[in-house]
Structures are given as C-alpha cells and as structure tokens.
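# I'll drop the sequence and a predicted model, then ask my questions.
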Amino acid sequence: MKLFKKQSLLNNKQLQSLLNNKQLQSLFSFEKAHHILITVLLLLYLIFDVDTPLDLAKYIDTTLGNVVVVLLSLSLVYTGNVFIGVLAIVSAYELIQRSKKTTGSMYLNQIHNAEVIKKDLLDNYNQFPDTLEEEVVNKMAPLINTSSNNVSMFQPVLNDLHDATEL
C-alpha cells in the first residue's frame with residue numbers, strides 16, 4: 001500500500017492546487033448568461049446536423065461571406081473565453097462547409113475532378129494498335145506515279161464563262 005501511495009501522480013495538495021488554478025477555472029468559467037447561451041447554441045449546432053437555409057447559404061458561400069463568418073468567430077475568441085472561441089471557430093468551419101453543401105458548390109469541384117479522371121481513363125483506353133486494314137493500307141504502293149517521262153496528250157479546254165471570272 002505504501003508503495004502505491006508514493007507512486008501516485010497527484011497527491012491531495014497537488015490536486016487542490018490544480019483545482020484552485022485560476023487559469024483552469026477561467027477556461028471553463030461562464031461569467032455572463034449570454035456566454036452560456038452562446039455555448040449551448042454552438043454545441044447544438046455542432047451536435048445536430050442542421051441544414052443551412054438556402055437563402056442564407058447563398059450569402060455565406062461567397063468569399064465575402066466566408067470572411068465575415070471567420071471574423072465573427074475570431075471576435076468571439078477575443079471577447080469571450082477560450083472555450084467559446086474554439087467552439088466558434090469549429091462552428092464557423094461547419095457553417096461554411098454546410099453552406100457549400102446546400103448551394104452545391106462542394107459538388108462542382110468533385111464533378112470537375114471526376115471529369116479529369118474520366119478524360120485520363122478514356123485517353124488510356126484509346127491507345128490501341130493499328131488494325132489489319134490500316135497496316136495493309138500503309139504497306140500498299142502509292143497510287144501516284146512520280147516519274148516525269150509521262151507526257152500527257154490531253155489539253156484542257158475552257159468553256160465559255162458566261163461573264164463569270166476565272167478562278
């Protein structure tokens with residue numbers, strides 16, 4: 001028994017000093033009622049998969065909307081306690097992601113990537129050897145005689161142009 005008590009990580013005095021630590025108490029202390037309300041609302045938003053309304057999601061899914069949401073969450077870091085700030089940052093990230101899901105912009109990036117993958121696959125599928133017909137045509141002798149000793153007896157004659165210009 002004595003051996004076990006000596007090896008314990010925290011004795012009673014250390015435990016009491018840890019509980020009396022002002023930094024630890026300030027981390028989870030809620031000095032005002034609206035801090036508790038904000039914490040409960042943010043936790044409910046994170047726990048339940050609440051869809052963002054389309055009208056609101058259209059504004060949040062823009063660059064300016066993302067900046068406003070991030071700035072609001074960072075303002076809670078500086079005005080409230082640290083716990084509320086962390087919840088605000090995580091909730092802001094979730095709000096932005098759920099807005100992208102609602103407006104469909106999340107899926108547009110996935111579709112573009114899918115088209116690139118499909119194009120690469122089709123390019124690989126279209127790499128096939130020459131067919132027998134193509135090989136035979138390539139091996140055939142050319143049809144044009146390039147020797148210059150053939151003199152043609154044909155003399156072209158131009159018909160009446162009927163006031164048209166010659167090309």
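Looks like it came in fine.

# where exactly do the helices run in the protein?
2-6, 12-19, 22-27, 33-47, 54-60, 63-79, 82-103, 105-125, 132-139 (DSSP state H).

# can you redo these as CSV with mean neighbour count and mean pLDDT?
For every residue, glycine as well, the C-beta is placed using N, CA and C. Formatted as CSV, those follow (neighbours: other Cβ atoms under 10 Å; pLDDT from 0 to 100):
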stretch, mean neighbour count, mean pLDDT
helix 2-6, 7, 47
helix 12-19, 10, 60
helix 22-27, 10, 56
helix 33-47, 13, 85
helix 54-60, 14, 91
helix 63-79, 14, 90
helix 82-103, 18, 91
helix 105-125, 10, 79
helix 132-139, 9, 88
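
# got those as CSV, with distance to Ser152 columns?
Putting the helices of the chain into CSV (distance: least, Cβ to Cβ, whole Å) gives the following:
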stretch, distance to Ser152
helix 2-6, 117
helix 12-19, 110
helix 22-27, 102
helix 33-47, 90
helix 54-60, 76
helix 63-79, 73
helix 82-103, 73
helix 105-125, 48
helix 132-139, 28
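
# out of these, which comes closest to Leu158?
Closest approach to Leu158 among those is made by helix 132-139 (36.6 Å; Cβ to Cβ).

# For that closest one, what is the distance to the chain centroid?
Computed by Cα atoms, centre = their mean, to the nearest Å, the chain-centroid distance of helix 132-139 equals 48 Å.
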